[in-house]
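Colleague: model the structure of this input:
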Amino acid sequence: MQINDKKTVNNSTTLNKHLISIMSIAGALTVANIYYIQPLLAQIAQYYHVAEGYSSLLATLTQIGYALGLLLILPLADILEKRCLILTMLLGAATFLLLFFLAPTISIALFASLGIGFCSVVPQLLIPFAVQLSQPYERGRVIGSLIGGLLIGILLSRVVSGLIGKYITWKAMYFIAACFMLLLWLCLRFALPKSYGNSTMKYSESLKSMIGLIKQFSVLRESSIIGAMGFLAFSTFWTALVFLLQGSHYHMGADVAGLFGLVGVVGALFSKTAGKLSDKKGARFTVGINILIIIAAYVVFIIWGFQLWGLIVGVILLDLGVQSSNVSNQTRIHQLSDKARNRVTSIYMVSYFLGGALGSWLGAFSFQYFGWIGVCFTGLLSQLIALYVHFRVINN
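Modeller: Okay, the predicted model is just below:
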């Protein structure tokens, strides 16, 4: 596969508030595809007559599919025209969402979950695109705006799917999501400018070059591990939460599990602040602060997790820490290379969502065998690893 040698982006295009808003909404709607599943796991397990732990594979495979999409699709954005690539991914996502809606067996649902994740990489195509259009002094703010949209999409997806699962049926969520993707395709077809790749590599060379980028940039290695551990802590909690709330202590349904997403939006509202702080104080400084915030969240979960107010406080801290850390990590890596920006993003986000996939599995596993305390210690362990990496420059 050869590259297009046209100019990178239409020079008449500027990154204004309107375009940032469109990109943020698009990112939120697309990333939501990955998280609709979490409040619905217990219902899906009953529908397909499988154990709750087995149904968690749906969430795990969705995130694995997302990681594979990041690995294989993002490098294409350094080569192909970006708008066409984004539109193709949206059509693919709509197709797999419809397949999940129609799936008669758990096996087909598992396959569809993998495809949903693979095609939902649009947000990570949009972020480097926005960075490319922005000025260096405003990149933290721009990244914060788009990642804020992503986190709101992640959290509100649980609210929406929990309510739809409770009052309609869990399958309806996936039909609605497919319609969202088709509407989004129509909107982005006219809103986004054309943008051509600026790499002189073939696709196969582009994939191989990512190994060299990992070796070349210690900041990329550090950020990738810390990001993975942060999202592991995030996914561990959100996967286990639905089982905790539906258990003998709380006796609550999927709708309540989803409504906890509204609490997490408080953290998302600080995304621009996190980006501005990264621009002002330095991204590495804010990463360290946010690791400590995530640790504080899990301490709250351990001590007060069986009290509703404790869960609420912990959710606010967890989402604030993970959100702000992700903004700061991406601010760091986007400064490394203009020509390899999408490949650098691919490496970071593959690590990030592999951490999330592992967290989804560990959340269900820990809860099944060790209860809520096991879930909390899993989250704490991930942040001890992140803290070690943060204060020890890798291979320095």
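Colleague: what count of nearby residues applies to V350?
Modeller: 22 (other CB atoms under 10 Å). Every C-beta, even on glycine, is put in place using the N, C-alpha and C of the backbone.
Colleague: could you verify my assumption that it touches L71?
Modeller: Yes - at 4.8 Å, V350 counts as touching L71 under the criterion of CB atoms under 8 Å.
Colleague: okay, now H49: neighbour count?
Modeller: Counted with other CB under 10 Å, residues neighbouring H49 total 7.
Colleague: using the three-state scheme, assign Q368.
Modeller: helix (DSSP: H, G, I helix; E, B strand; the rest coil).
Colleague: measure it to F260 for me?
Modeller: Look at Q368 and F260: by CB to CB, to the nearest Å, they are 20 Å apart.
Colleague: higher neighbour count, the two?
Modeller: Neighbour tally, Q368 and F260, criterion other CB under 10 Å: the higher count belongs to F260, 24 against 16.
Colleague: touching, I37 and T62? I think so.
Modeller: Yes - counting by CB under 8 Å, I37 does reach T62; the two are 6.2 Å apart.
Colleague: any residues in contact with both of these two?
Modeller: Shared contacts of I37 and T62, defined by CB atoms under 8 Å, 6 or more residues apart in numbering, comprise S113.
Colleague: tell me the secondary structure at S248.
Modeller: Put simply, S248 is coil when judged by three-state DSSP.
Colleague: check what pLDDT it gets.
Modeller: S248 carries a pLDDT score of 74 in this model.
Colleague: measure it to W304 for me?
Modeller: Taken as CB to CB, the span from S248 to W304 is 18 Å.
Colleague: which one of these two is surrounded by more residues?
Modeller: Neighbour tally, S248 and W304, criterion other CB under 10 Å: the higher count belongs to W304, 15 against 5.
Colleague: who's in contact with stretch 378-395?
Modeller: Under CB under 8 Å, 6+ apart, the answer for stretch 378-395 is 218, 221-222, 225-226, 229-230, 232-233, 236-237, 284, 287-288, 291-292, 294-295, 297-299, 301-302, 355, 359, 362-363, 366.
Colleague: what's the offset of it from the middle of its chain?
Modeller: Offset of stretch 378-395 from its chain centre (CA atoms, centre = their mean, to the nearest Å): 20 Å.
Colleague: average pLDDT for it?
Modeller: 85.
Colleague: what residue ranges in the stretch 1-150 of the chain score low on pLDDT?
Modeller: 1-15, 52-53, 135-139 (pLDDT under 70).
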